[in-house]
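S.K.: Sharing a sequence plus its predicted fold:
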Amino acid sequence: MKRVIALMMVSMFSLGMLTACNTMAGAGQDVQKAGEKVEKKAEDCKDGRC
């Protein structure tokens, strides 16, 4: 019984870690796209097209 509980705990922890990785990867992509837009706007303003 202890082994079953231990396996359930490990599987729940692993699932939580995988979900967190996917969430962080998605957040990183969102931040990257926002940074690209800011960079493009800065380049436009630098060229005098603000």
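M.R.: It's in.

S.K.: only C-alpha atoms for contact and neighbour calcs from this point on.
M.R.: Fine.

S.K.: do you know how far the residue of the chain most remote from its centre is from Cys45?
M.R.: Within the chain, the residue lying farthest from the chain centre (C-alpha atoms, centre = their mean) is Met1, at 36.8 Å. The spacing between Met1 and Cys45, counted by C-alpha to C-alpha, to the nearest Å, is 66 Å.

S.K.: Repeat that for Gly16.
M.R.: Taking C-alpha to C-alpha, one finds Gly16 at 43 Å from Cys45.

S.K.: neighbours around Lys41, how many?
M.R.: Using other C-alpha atoms under 10 Å as the criterion, Lys41 is surrounded by 14 other residues.

S.K.: What's the per-residue pLDDT of it here?
M.R.: Lys41 is assigned a pLDDT of 87 by the prediction.

S.K.: how close does it get to Met8?
M.R.: Remark: distance between Lys41 and Met8 (C-alpha to C-alpha) = 50 Å.

S.K.: Near Glu43, how many other residues are there?
M.R.: As a burial measure, Glu43 scores 13 neighbours (other C-alpha under 10 Å).

S.K.: Could you check which helix or strand contains it?
M.R.: Assigned by DSSP states H and E, Glu43 belongs to helix 2-46.

S.K.: and the gap between the most centrally placed residue in the chain and Val31?
M.R.: Nearest to the geometric centre of the chain sits Met24, at 2.2 Å (C-alpha atoms, centre = their mean). Distance, Met24 to Val31, by C-alpha to C-alpha: 10 Å.
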